[in-house]
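[1] the sequence and its predicted three-dimensional model are supplied below.
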Amino acid sequence: MRNTKRWMAVVLAAVMVSAAAGCGAKAESQKSEPQTTEAPAQEAEDTPEAEETNTDGETTTVFTDSLGREVEIPAEITRIAPSGNLAQMILYSLAPDLMVGWSADPGEDMTSYFPDEYKNLPVFGTFYGKKATLNKEALIAAEPQIIIDMGEIKGNMAEDLDSLQEQLGIPVIFIKAELADSGEAYRVLGSLLGAEDRAEELAAYCDETISEAQEKAASIAEEDRVSVYYGGGSDGLSANPADSSHGEVINLVGGKNVVETDFDSGANQANMEQLMLWNPDVILFTEEGAYDTVQQDETWKSLPAVANGNVYEVPSIPYNWIDRPPAVNRILGVKWLGNLLYPDVFDYDMTAEAQEFYKLFYRYDLPEDEAAELMALSTYKK
């Protein structure tokens, strides 16, 4: 009996050693198999992958964003914190009920266009970068499932967003959204949020506007193209170069931005001598007061554009129509500026166009008299 027990113990030990060796080999085999991971591209395709379940029992999916970052996010998104003006504008136009706050305070002029339920959402501040002002307490209290950033790809964004995600413990994704691909940005976001129909409506409007502008601009002969200066600041001398996001709409509609790509005179600050050399056909100003100033200034009045009355202020409520921020507000700006520079080519009823845009993107019924007031210093200038 004692021998039998001894024999059984030997057999059992052998089986255990064999099983352990097998598991070790299997683990080693799995460890040694190379996992092919696609290297992040400058402009990666935004794609959700197969759903999984995390340790909290929440269904998740892996989303590859425009920076090539693979981020585990909730499969069903119901609470979003936008990072930046551009993201909050696109999110508001697509799915405002999912927003738990604003990145930047919309201000009284802007919120007058919004329903009451969105006016008092918390403000989080700038999420990252040199000018970061993030209120982490307000963000955490709002309990977002995800932070969404959108816009132009710049510098070390991937590292910045990875760091932000690690600090907050909240998934952070980036979706590329420049002027030319505004429609695609809506489609990606709509697919992510389960709002495909609404996203397609907005995307189709963007695509049609941009495609139409490209066709119309291509029909304008080089000698007929209008030269444009676009200035900001209260003195109007903060110049916006051709290659900046502030100058994109001018380029798209066939205008010739007199501020060249390589212009750099200390934060792009121009002077009157430079303006005389540029001698633009048309001068545009932001809403910061320069329009009124130049009408009384003798030096400005010596410029032919000013003397001939070809000075205009860009409509700016709730957002500047061509660049501030460089978001979907620029889609309306494409029609407005094209019509202003080339009314025979961009033959639009700008009151009707503004009403359609405000209804579609801002959910606001814009009265005719209000539309006329918005364009009082440009399209309907007397």
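    Noted; the coordinates are in hand. Numbering: from 1, shown residues only.
[2] can you name every helix or strand that the helix or strand hosting T61 contacts?
    Per DSSP states H and E, T61 falls inside strand 59-64. Applying 3 or more Cβ pairs under 8 Å, 6 or more residues apart in numbering; DSSP states H and E, we find strand 59-64 packed against strand 47-53, strand 70-74. For every residue, glycine as well, the C-beta is placed using N, CA and C.
[3] again, 10 Å this time
    Applying 3 or more Cβ pairs under 10 Å, 6 or more residues apart in numbering; DSSP states H and E, one finds that strand 59-64 makes contact with strand 47-53, strand 70-74, strand 172-176, helix 182-193.
[4] which of the ones you listed sits closest to F285?
    helix 182-193 (24.9 Å; Cβ to Cβ).
[5] tell me the buried residues in stretch 298-312?
    Residues of stretch 298-312 classed as buried: W300, L303, A305, V306, N310, V311, Y312 (neighbour count, 16 or more other Cβ atoms under 10 Å).
[6] show me the domain layout of this structure.
    47-205, 220-374 (automatic domain parsing).
[7] so which of the buried residues of stretch 298-312 are in helices?
    W300, A305, V306 (DSSP state H).
[8] what's the pLDDT at the residue lying closest to the last one once chain neighbours are set aside?
    This points to V306. In this structure, V306 finds its nearest non-sequential neighbour in W300, 5.2 Å apart by Cβ to Cβ, 6 or more residues apart in numbering. On the pLDDT scale, W300 is placed at 96.
[9] same thing with S265?
    pLDDT recorded at S265 is 47.
[10] residues contacting the residue nearest to V306?
    The contact partners of W300, taken as Cβ atoms under 10 Å, 6 or more residues apart in numbering, are D235, G236, M272, L275, I283, A290, T293, V294, V306, A307, V311.
[11] N120 now?
    T111 are the contacts of N120 under Cβ under 10 Å, 6+ apart.
[12] start the count at 607 instead of 1 going forward.
    Happy to do that; since the first residue is 607 now, the last one works out to N726.
[13] about what we covered before: for P712, find the nearest of the helices and strands packed on strand 665-670.
    helix 788-799 (19.5 Å).
[14] packing partners for the closest one?
    Against helix 788-799 (3+ Cβ pairs under 10 Å, 6+ apart) you get strand 653-659, strand 665-670, strand 686-689, helix 691-700, strand 752-757, strand 778-782, helix 802-824, helix 935-947.
[15] TSV for the ones you listed, including mean neighbour count and mean pLDDT?
    Below are the helices and strands packed on helix 788-799 laid out as TSV (neighbours: other Cβ atoms under 10 Å; pLDDT from 0 to 100):
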stretch	mean neighbour count	mean pLDDT
strand 653-659	11	65
strand 665-670	16	96
strand 686-689	26	97
helix 691-700	23	95
strand 752-757	24	97
strand 778-782	23	98
helix 802-824	17	98
helix 935-947	25	98
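[16] in CSV, list the ones you listed along with distance to P712.
    CSV is the format used below for the helices and strands packed on helix 788-799 (distance: least, Cβ to Cβ, whole Å):
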stretch, distance to P712
strand 653-659, 30
strand 665-670, 27
strand 686-689, 11
helix 691-700, 8
strand 752-757, 17
strand 778-782, 21
helix 802-824, 19
helix 935-947, 13
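[17] these: which one's closest to V864?
    Closest among the helices and strands packed on helix 788-799, using Cβ to Cβ: helix 935-947, at 13.3 Å.
[18] just want the angle from that closest one to helix 788-799.
    Angle, helix 935-947 to helix 788-799, by axes from the mean of the first three to the mean of the last three Cα atoms, to 10 degrees: 160 degrees.
[19] how far is helix 935-947 from where the chain is centred?
    When distances are taken as Cα atoms, centre = their mean, to the nearest Å, helix 935-947 is centred 18 Å away from the chain's centroid.
[20] what comes up buried for the next helix-or-strand element following that helix?
    Heading C-terminal from helix 935-947, the first helix or strand you meet, by DSSP H and E, is helix 956-968. Using 16+ other Cβ under 10 Å as the test for burial, helix 956-968 gives M956, T957, E959, A960, Q961, F963, Y964, L966, F967, Y968.
[21] okay, the third one: pLDDT?
    What that stands for is E959. For E959, pLDDT reads 98.
[22] tell me the contacts of the closest residue to it other than its chain neighbours?
    Sequence neighbours aside, K941 is the residue nearest to E959 in space, at 5.1 Å (criterion: Cβ to Cβ, 6+ apart). By Cβ under 10 Å, 6+ apart, the contact set of K941 is 815, 818-819, 855, 859, 927, 952, 954, 956, 959-960, 962-963.
[23] out of those, flag the one nearest to E714.
    Distances from E714 to the contacts of K941, taken by Cβ to Cβ, are shortest for W927, at 18.9 Å.
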